[in-house]
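*Asks:* What follows is a predicted protein model with its sequence.
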Amino acid sequence: MFQIPSTHMVREQATMADLPHVEIETNGSTPGDIADLETALKTRDIDGLVSGALRSDYQKSRLERMCERLGIRSWTPLWHQSGRQHVKEMIEHGFEIMITSVSAEGLDETWLGHVLTQDSFVDLEALAAKHRFHVEGEGGEYETLVLAGPHLKGRLDVEFTTHWDGVRGHVELH
């Protein structure tokens, strides 16, 4: 349910956005992932949780149930918006989005480490239509890392090694 690749970069992103960083450890297994999050959030003075889910009823409903148990609000501002439009507008507004893993037919090793541009997003759209995957990656077809954006002071400078098994792959950030 939670994105694992590149999460170690979130601390630096938070610093660049002048936001506090709170790390919550989980092994990512179901249902332990939500239990770990819920346990950590119980000790926080918060009134809500924001999720970037676009389509996953599974993710949204699990987070909403947890928030109900905690007595806090669950907010998914992107819910059921066009994933295509969402990514397109992020690129147009200056977000530098690097693809960190691919696992869908049509996405090969050339996409690993690629920073999306308006032109390459057109190529991604064509591949998504041809191979029938979500162009925004909402089904796990690919994972991303935001290197820069209007909310960040500066840009993440990353070095990586590419791992490709002939079908899927990921970048290992150094």
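*Replies:* Arrived safely.
*Asks:* Which neighbouring residues are in contact with Ser103, exactly?
*Replies:* Residues near Ser103 by C-beta atoms under 8 Å, 6 or more residues apart in numbering: Gly140, Glu141, Tyr142, Val167, Arg168. In short, each C-beta sits where N, CA and C put it, glycine included.
*Asks:* Find me the pLDDT at it, would you?
*Replies:* Looking at Ser103, its pLDDT reads 96.
*Asks:* Going forward, count from 40.
*Replies:* In the new count, where the first residue is 40, that last one comes out as Ser142.
*Asks:* do you know how far it is from Asp158?
*Replies:* Distance of Ser142 to Asp158, given as C-beta to C-beta, to the nearest Å: 23 Å.
*Asks:* swap in Arg83?
*Replies:* Counting by C-beta to C-beta - Arg83 and Asp158 are separated by 42 Å.
*Asks:* Of these two, which one has the most company?
*Replies:* Per other C-beta atoms under 10 Å, whichever of Arg83 and Asp158 has more neighbours is Arg83, with 12 against 9.
*Asks:* Now do the SS call for the nearest residue to that one once chain neighbours are set aside.
*Replies:* Spatial nearest neighbour of Arg83, chain neighbours left out: Val61 (7.5 Å); criterion: C-beta to C-beta, 6 or more residues apart in numbering. Of the three states, Val61 takes coil under DSSP: H, G, I helix; E, B strand; the rest coil.
*Asks:* Report the separation between Val61 and Asp84.
*Replies:* Val61 sits 12 Å away from Asp84, going by C-beta to C-beta.
*Asks:* same question, Glu64
*Replies:* 20 Å.
*Asks:* Check Ile43 too.
*Replies:* Where Asp84 is concerned, Ile43 sits at a distance of 28 Å (C-beta to C-beta).
*Asks:* Please apply the same query to Thr183.
*Replies:* Per C-beta to C-beta, Thr183 is found 31 Å from Asp84.
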